[in-house]
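[1] just a sequence and a predicted model for now, questions to come.
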Amino acid sequence: MEEIGILGLLLILINVVVSYQGIKTHSFLEKYSFQVDELLIKKDYKRLVTSGFLHVGWMHLFFNMMTLYFFSTDLENSFGELKFVAIYFGSLLGGNLFSLFIHRNHGDYSAVGASGAVSGIVFASIALFPGMELGFFGLPFYIPGWAYGLLYVLYSIYGIKSQRDNIGHEAHLGGGLVGLLLAIAMVPSALLNNYIPILLILIPSMIFIYMILTKPEFLMVDNLFQKSRTFHDVDEKYHSKKILKERELNKLLEKISVKGINSLTSKEKEKLNQYSNER
């Protein structure tokens, strides 16, 4: 078995260190996370990169880093450090830019995570090694890499369209496609040798993106499956809490503007101080 490349290990280490700081300090997380208004209004473009090294929980970090660990070895050893880094950061930016496009009218939308970059590494690996077999944490069966890629694309499309949760499906899909296309650009023979699995991933993705560009109302659908509001993962919980805090803060500020700051109860003043320190 080949040893994991030095850059793969370095990226994992950076993700762990930066994520630890974000988990420990909420203000650090807010300062460097992906936030639509901060990007489009304040032009704080560094967030397109910094958000990709933050995670809101240890399980979120663990799954992303385990995936990066398993898929980075062959890709880095085959491509070399420079091309590997180009795919990683190209996928990170591509995923976040696609997410920014989808949520350009949702000013309070925020996200963190390396999922776009990791998805790019996964899809680039599938483009070059479609016959690779993927196992799932000790389960006694494997699936071909190309089948995993197709299922992943279909799930991401469903997640974006149904809006069933707040998982960053846009960044997953955008990052994955950028990683796939970069790998093909670097190794054009992969398209000739592996065109069937590559097309199985590209065709539904391109049709979906075309529908978004030409028929924006395509995304505006009711979710028939979501009868009650539940959290599906730590990302969703984070987004929901953030929105609730913003709404509560706005109510407090409105009360101050109408009745003055002395109208606040001691509990409301405590919350105002807490929210102000977090911003």
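    Okay, I see it.
[2] could you pull out the strands in the chain for me?
    For the chain, the strands defined by DSSP state E cover 34-35, 110-111, 133-135, 142-144.
[3] same list (those strands) but as CSV, adding mean neighbour count and mean pLDDT.
    From N, CA and C alone the C-beta is placed, and that goes for glycine too. Below are these laid out as CSV (neighbours: other CB atoms under 10 Å; pLDDT from 0 to 100):
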stretch, mean neighbour count, mean pLDDT
strand 34-35, 24, 92
strand 110-111, 26, 86
strand 133-135, 14, 70
strand 142-144, 13, 77
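[4] tell me how far residue 18 lies from residue 119.
    Distance, residue 18 to residue 119, by CB to CB, to the nearest Å: 19 Å.
[5] helices of the stretch 1-150 of the chain, start to end?
    6-24, 26-32, 36-40, 47-50, 58-79, 81-102, 115-128, 145-162 (DSSP state H, counting those that start in this stretch).
[6] what's the most buried one of those helices?
    helix 115-128 (a mean of 29; mean count of other CB atoms under 10 Å).
[7] how far away from the center of its chain is that one?
    13 Å (CA atoms, centre = their mean, to the nearest Å).
[8] what does stretch 28-44 give?
    Taking mean C-alpha positions (CA atoms, centre = their mean), stretch 28-44 and its chain are 15 Å apart.
[9] stretch 40-55 too?
    Between the centre of stretch 40-55 and the centre of its chain there are 12 Å (CA atoms, centre = their mean).
[10] between the two ends of it, what distance do you get?
    22 Å (CA to CA, to the nearest Å).
[11] identify the residues contacting it?
    For stretch 40-55, the surrounding residues in contact (CB atoms under 8 Å, 6 or more residues apart in numbering) are 14-15, 18-19, 22-23, 29, 32-35, 38-39, 61, 64, 89, 92-93, 96-97, 100, 104, 107, 111-114, 116-117.
[12] same thing but at 7 Å, please
    14-15, 18-19, 22, 29, 32-35, 38-39, 61, 64, 92-93, 96, 104, 111-114, 116-117 (CB atoms under 7 Å, 6 or more residues apart in numbering).
[13] for that stretch, give the mean pLDDT please.
    Per-residue pLDDT over stretch 40-55 has a mean of 94.
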